[in-house]
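Colleague: Pasting a predicted model and its sequence here:
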Amino acid sequence: MPPIFRFAPSPTGHLHLGHALSALCVWREAEKVGGTVLLRIEDIDPQRSRPEHVAAICEDLDWLGLRWDGEIRRQSEHLDDHRAALDRLAAAGLVYPCRLTRADIAAALARIERETGAPWPRDPDGTPRLPIPGAEPSPDETRKAIRLDMAKALVALGGETLTWRESGCGPAGETGPVVADPSRWGDVILARKETPTSYHLAVVVDDALQGVTHVVRGQDMFYATAVHRLLQRLIGLPEPSYRHHRLVSDADGAKLAKSRGSKSLRELRADGWSKDDVIAAVDALLRVDVLKSSA
Ligand code: GLU
């Protein structure tokens with residue numbers, strides 16, 4: 001069986017240089033080992049995902065000369081698969097319904113930080129750790145999310161040390177084998193009121209169902225890999241290998257993002273950039289990283 005890679009953009013905007021770097025890293029790694037690349041559209045957020053962005057993603061990849069194998073998998077069409085995995089975790093008693101809204105959490109956080117004068121602990125992605133003493137769910141009885149009970153999940157792991165094979169590196173230069181430390185995370189969200197899944201759940205379920213053997217993605221997902229390894233173990237899914245590549249930053253050192261006004265690939269195209277200009281720009285960015293890491 002040839003190795004299977006995937007490129008998994010969210011259709012919430014147009015692709016920019018950061019996506020081009022990610023896509024080129026995926027396709028190049030696949031090429032090195034004779035693997036194939038699948039295209040997965042991560043469209044579980046109904047508010048932010050747009051079908052026209054899916055078409056634009058395909059057009060941009062095509063322009064870059066990157067061809068994927070087989071049918072595109074749209075996550076929103078496979079919610080039953082995600083629900084089945086959630087049911088499995090629920091049957092093991094590892095999840096709980098949570099009625100706190102973002103506003104409830106923000107209010108409790110502001111109060112506890114004011115009272116203690118210290119920052120409240122946060123997950124690696126910046127999410128405040130639950131429970132926050134005195135956090136009051138809104139009076140409306142409906143659950144807002146289903147969360148993993150991290151304390152119970154760690155008990156279910158039975159003291160096993162999880163690791164993963166890392167062939168890239170983390171933000172602090174970590175290379176594999178890397179010890180996965182899910183205890184750096186709190187009760188992560190596994191499903192929301194409007195969607196029976198979350199990024200963490202959908203990504204591990206889909207990687208497994210698509211037979212993905214190699215995950216190549218940005219360093220911003222490095223610490224999330226600990227949650228993914230935990231979920232893979234708890235649900236009984238196979239373990240892919242991982243390669244986290246550097247992120248493209250703008251002149252201020254912040255991650256490139258459409259929301260910060262970075263130009264999309266189609267805007268660069270309209271400015272007269274060719275596919276080779278994009279590839280050269282990506283190579284220059286990757287070279288800077290090599291120079292930095294060997295310094
Ligand atoms: N949909 C995620 C993104 O666009 C990809 C995360 C992953 O590759 O696991 O950032």
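Modeller: Good, I have the coordinates. Residues are numbered from 1 along each chain as shown.

Colleague: contacting residues for R246?
Modeller: By CB atoms under 8 Å, 6 or more residues apart in numbering, the contact set of R246 is G218, Q219, L285, L286, D289. To be clear about C-beta, it is placed using only N, CA and C from the backbone, and glycine gets the same treatment.

Colleague: Give the bridge partners for T36, please.
Modeller: Counting by DSSP bridges, T36 is bridged to I4.

Colleague: Check R243 too.
Modeller: Beta-bridge partners of R243, as defined by DSSP bridges: V216.

Colleague: show me where the protein has helices.
Modeller: Ranges of helices in the chain, per DSSP state H, are 17-32, 51-63, 79-91, 102-116, 150-156, 199-209, 224-235, 265-270, 275-294.

Colleague: For my notes, please list those helices in a markdown table and give mean pLDDT and distance to the ligand for each entry.
Modeller: Formatted as a markdown table, those follow (pLDDT from 0 to 100; distance: least, CB to the nearest ligand atom, whole Å):
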| stretch | mean pLDDT | distance to the ligand |
| --- | --- | --- |
| helix 17-32 | 96 | 8 |
| helix 51-63 | 97 | 10 |
| helix 79-91 | 97 | 14 |
| helix 102-116 | 93 | 20 |
| helix 150-156 | 97 | 20 |
| helix 199-209 | 98 | 5 |
| helix 224-235 | 98 | 8 |
| helix 265-270 | 95 | 14 |
| helix 275-294 | 78 | 17 |
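
Colleague: CSV for these, including mean neighbour count and distance to A8?
Modeller: Below are those laid out as CSV (neighbours: other CB atoms under 10 Å; distance: least, CB to CB, whole Å):
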stretch, mean neighbour count, distance to A8
helix 17-32, 20, 9
helix 51-63, 16, 11
helix 79-91, 16, 14
helix 102-116, 14, 25
helix 150-156, 16, 24
helix 199-209, 22, 7
helix 224-235, 22, 13
helix 265-270, 16, 17
helix 275-294, 13, 18
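
Colleague: circling back: export the contacts of R246 to a markdown table and tack on distance to H78?
Modeller: Formatted as a markdown table, those follow (distance: CB to CB, whole Å):
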| residue | distance to H78 |
| --- | --- |
| G218 | 23 |
| Q219 | 27 |
| L285 | 33 |
| L286 | 33 |
| D289 | 35 |
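
Colleague: contacting residues for the closest residue to V54 other than its chain neighbours?
Modeller: In space, and not counting its chain neighbours, V54 is closest to P11: 4.7 Å by CB to CB, 6 or more residues apart in numbering. Listed by CB under 8 Å, 6+ apart, the contact partners of P11 are I41, E42, D43, S49, R50, P51, H53, V54, I57.

Colleague: 7 Å instead, please
Modeller: Shown in contact with P11 (CB atoms under 7 Å, 6 or more residues apart in numbering): I41, D43, S49, R50, H53, V54, I57.

Colleague: same deal with G34?
Modeller: Here G34 is in contact with P2 (CB under 7 Å, 6+ apart).

Colleague: what pLDDT does it get?
Modeller: G34 is assigned a pLDDT of 97 by the prediction.

Colleague: any idea how far W63 is from the residue nearest to G65 when sequence neighbours are not counted?
Modeller: Leaving out its chain neighbours, the residue that sits closest to G65 by CB to CB, 6+ apart is K275, at 6.2 Å. Plainly put, K275 is 6 Å away from W63 if you go by CB to CB, to the nearest Å.

Colleague: try A280
Modeller: With distances taken as CB to CB, A280 is found 15 Å from W63.
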